[in-house]
Each structure stands twice: as C-alpha cells, then as structure tokens.
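K.L.:
Just to be clear, the model below is a prediction. Sequence and coordinates:
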Amino acid sequence: MPLPLLFIGIAAVTGISGVSKTIGAAVDQSNAKKLNQNSDERIENAALRLEELRRQCGEALDNLGKEKIFVLDNNVKRFLDTFKKIKNVDFQNSEGLEELSKFHVDSTDFEELEEISSFASSMAKGSLMGIGGGALSAFGAYSAAGALATASTGTAIGTLSGAAASNATLAFFGGGSIASGGLGVAGGTAILGGLVAGPALLIMGTIVGAKAGKNLEDAQANAAMATEYCEELENGAFQCIAIRRRTNMFYTALANTDAHFLPLICDMETVFNNEGDDYSLYCTESKKKIAMAASMAVTVKSILDTPILTADGSLTAESDELESHFLES
C-alpha cells in the first residue's frame, strides 16, 4: 500500500473514532441531564408530600388542643363547680357502689383537674383562634398536667408558645411551610421519632440541581443521593401519618367521652339541688349518680393527661395503651 494512502487510512480511522467519542459524550451528557432532572423531580415530589402531611398533622394537633381547652372550660368546669360543694363524699364505703371501685376515684384527681381547668380557662379567655406560636399544638401533643407544670395562670399562653418554639418537633408542625424554610429551631432540623429531617427538608429540588454536572458518573452519584433523601422524607411522611392518626383518635375519644359526661353532670346537679350537699344523706341511687359522674371525670382526665408525643417526636407508649383500650371498648 502506498505510504500516502496508509496515512489517509489512519486519519480516517482516527476521525471515525473521534466522532464516535463525540457522539458517546453527547449521549452521556443527555443521560446525565435526564438523570438529574429525574432526581430533582423525585425529591420535590417527596418533599411536597411531606409538606402536606406536616400541615395536616399540625392542624390535627391544634384541633386536639382546642378540644382539650373546650372540654376543660365547659363540662369539666361545670362538674367541678357542683362536685366540690358536696360534703362527706366517700365512694369506698358507700353501700351498693362496689361495681364502681374499679374506677379508683381519688380526691387528688379532682384537685389536679381543677388546676388544669383554671389553666385552660386562662387560655380560652385569650380566644382560641388567637392562640399562636405552637401553643395549641403543644397543648394537644403533650399532657395537660405537664403543660400546667411549666406554665402558670396568666402566662400560660406565652409559656406554651415558648416551649413550642424551642421544641424541634412542634416547630416542624407549626413553623410554616418547608418551601419557605419555616422549620423553627436548630437550623431547620425537625426530629420525628429519631429521624433527623434537616437537609432533605430544605432541598425542594435545588440541592441535586446545584450539584448536577454534565458528567454521567456525577449524575449517577446524585441519583443515589436523591434516593437516600427520598427515603428520609418518606420516613418522615410515615411518622406524620402515624401522629395524625393517633391525634385524631384522641380527639374522637375525648369528644365522645365528653358527650357521655354531660348527662352524668346533669344527674349530679339534680341530686345536689334536690337532696342537698351532704353525700352521706343521699339515697343509694343518688350516690351512684355522683360516683358515675366522678368516674367519668377521671376518665376525661386520663385522656387529657396522656401525652401523644415524646420530646423527640416519637409516639408515646401511654398513648398506644390508651388507643388500644378505646379500640377494645
């Protein structure tokens, strides 16, 4: 083969190889772009799902907080107004009341209930709709007695709001949308049952996009990172669903118990008005009515006193037990 033709042949092969590499690079670039876009979309969809569940969960906790305050400021207050006027109350030694002994009625329960009722009244006077800063969420999420222990009448709303602002979980539920970065304390870190949803919550399709180079290997690494973020966001979503369900169950249990409480209070008031203020002089049927009202008051208190969330955002064992009890009954 003549030498010039040899060089021409080599040049042709080299040129074809170069074109092939160029085409391959273009394909890689296109695949990298598609992969990065897919990563962005997956993260954004997962974050938007969590955002909606966060909103629903915060709303559920607020509603439970309002219901607790309503029950305390109405039927509980009405019960206490009459019950504390009755003298010589002794359920243990009352003839015909053996079937009520399982309720373990204790006078200290009513003392605490009166304090909590007073605390709730101070919140109600401030208008339920005007209570902000996570105070209602705090009252819904935690024990009413626990809230009372950290706040005094007159400063209840402010103290609860402060507690909510310093708690990552409540800041997450009541601190504004994820998109606006409204995640409250600790640099936007929300703790949900051991899940630290910090960086992932702030992505909204930007972190992967910012790191998305044209290199296919980089895009594949970004896709793997996106998968991890999506799993983290999904774990947070599952936790929000669990908390919302537990909260709604508590709301229903409290509302139903309160509905049964009212006629018992009416019966107690009738006994008081007709037979005076000395329990020891009541007839057996009237004593039963007083005991039944008192027992229902203790049941209401047990719901109010059962926290739904731990400090780190996990569902409490106490709330699990109470949910099981109401599901069985």
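P.N.:
Thanks, I have it.
K.L.:
contacting residues for the closest residue in space to residue 275 that isn't next to it in sequence?
P.N.:
Among residues not flanking residue 275 along the chain, residue 282 sits closest, at 5.4 Å (C-beta to C-beta, 6 or more residues apart in numbering). For the C-beta atoms, the positions are set from N, CA and C on the backbone; glycine is no exception. Residue 282 makes contact with 271, 275, 290 under the criterion C-beta atoms under 8 Å, 6 or more residues apart in numbering.
K.L.:
Now for those residues, which sits with the most neighbours around it?
P.N.:
residue 290 (24 neighbours; other C-beta atoms under 10 Å).
K.L.:
Surely that one is in a helix?
P.N.:
Yes - under DSSP: H, G, I helix; E, B strand; the rest coil, residue 290 falls within a helix.
K.L.:
Please verify my assumption that it contacts residue 279.
P.N.:
Yes - contact criterion C-beta atoms under 8 Å: residue 290 and residue 279 qualify, at 6.5 Å.
K.L.:
could you pull out the helices for the stretch 51-200 of the chain?
P.N.:
77-83, 107-124, 135-141, 144-149, 156-165, 168-174 (DSSP state H, counting those that start in this stretch).
K.L.:
For the stretch 1-150 of the chain, give me the ranges with low pLDDT.
P.N.:
1-28, 93-107, 126-133, 146-150 (pLDDT under 70).
K.L.:
actually the stretch 151-300 of the chain, not the one I wrote
P.N.:
Residues of the stretch 151-300 of the chain that meet the cut-off, pLDDT under 70, sit at 151-168, 174-214.
K.L.:
From residue 285, how far off is residue 323?
P.N.:
34 Å (C-beta to C-beta, to the nearest Å).
K.L.:
Torsion angles phi and psi at residue 275?
P.N.:
phi -120, psi 10 (degrees, to the nearest 10).
K.L.:
Around residue 247, count how many other residues there are.
P.N.:
Neighbours of residue 247 (other C-beta under 10 Å): 27.
K.L.:
residue contacts, it?
P.N.:
Contacts of residue 247 by C-beta under 8 Å, 6+ apart are 57, 60, 61, 63, 64, 140, 141, 308.
K.L.:
Now with 6 Å, please.
P.N.:
By C-beta atoms under 6 Å, 6 or more residues apart in numbering, the contact set of residue 247 is 60, 61, 64, 308.
K.L.:
Out of these, who's the most crowded?
P.N.:
Per-residue neighbour counts (other C-beta under 10 Å) across those peak at residue 61, which has 30 neighbours.
K.L.:
Was I right to think that residue contacts residue 138?
P.N.:
No - with contacts counted by C-beta atoms under 6 Å, residue 61 stays clear of residue 138, the gap being 8.3 Å.
K.L.:
ranges for the helices of the stretch 201-329 of the chain?
P.N.:
Under DSSP H, counting those that start in this stretch, the stretch 201-329 of the chain gives helices at 207-211, 216-275, 284-304, 317-328.
K.L.:
Comparing these, which comes out most buried?
P.N.:
helix 284-304 (a mean of 20; mean count of other C-beta atoms under 10 Å).
K.L.:
what is the orientation angle of that helix with helix 317-328?
P.N.:
Put simply, helix 284-304 runs at 130 degrees to helix 317-328, going by axes from the mean of the first three to the mean of the last three C-alpha atoms, to 10 degrees.
K.L.:
of all the helices of the stretch 201-329 of the chain, which lies closest to residue 173?
P.N.:
Closest of the helices of the stretch 201-329 of the chain to residue 173 is helix 216-275, at 8.3 Å (criterion: C-beta to C-beta).
K.L.:
now do the same end-to-end measure for stretch 267-284.
P.N.:
End-to-end distance of stretch 267-284 (C-alpha to C-alpha, to the nearest Å): 14 Å.
K.L.:
oh sorry, the question was meant for stretch 124-144
P.N.:
First residue to last in stretch 124-144 (C-alpha to C-alpha) measures 14 Å.
K.L.:
Distance of residue 326 relative to residue 295?
P.N.:
16 Å.
K.L.:
for residue 60, same thing?
P.N.:
For residue 60 relative to residue 295 (C-beta to C-beta), the value is 28 Å.
K.L.:
Likewise for residue 275?
P.N.:
Taking C-beta to C-beta, one finds residue 275 at 19 Å from residue 295.
K.L.:
pLDDT wise, what is residue 306 at?
P.N.:
As predicted, residue 306 sits at a pLDDT of 91.
K.L.:
Buried residues, stretch 73-91. List them.
P.N.:
73-80, 82-83, 86, 89, 91 (16 or more other C-beta atoms under 10 Å).
K.L.:
Turn those into JSON lines, columns for distance to residue 48.
P.N.:
Below are those laid out as JSON lines (distance: C-beta to C-beta, whole Å):
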{"residue": "73", "distance to residue 48": "38"}
{"residue": "74", "distance to residue 48": "39"}
{"residue": "75", "distance to residue 48": "41"}
{"residue": "76", "distance to residue 48": "41"}
{"residue": "77", "distance to residue 48": "43"}
{"residue": "78", "distance to residue 48": "45"}
{"residue": "79", "distance to residue 48": "46"}
{"residue": "80", "distance to residue 48": "47"}
{"residue": "82", "distance to residue 48": "52"}
{"residue": "83", "distance to residue 48": "50"}
{"residue": "86", "distance to residue 48": "56"}
{"residue": "89", "distance to residue 48": "56"}
{"residue": "91", "distance to residue 48": "55"}
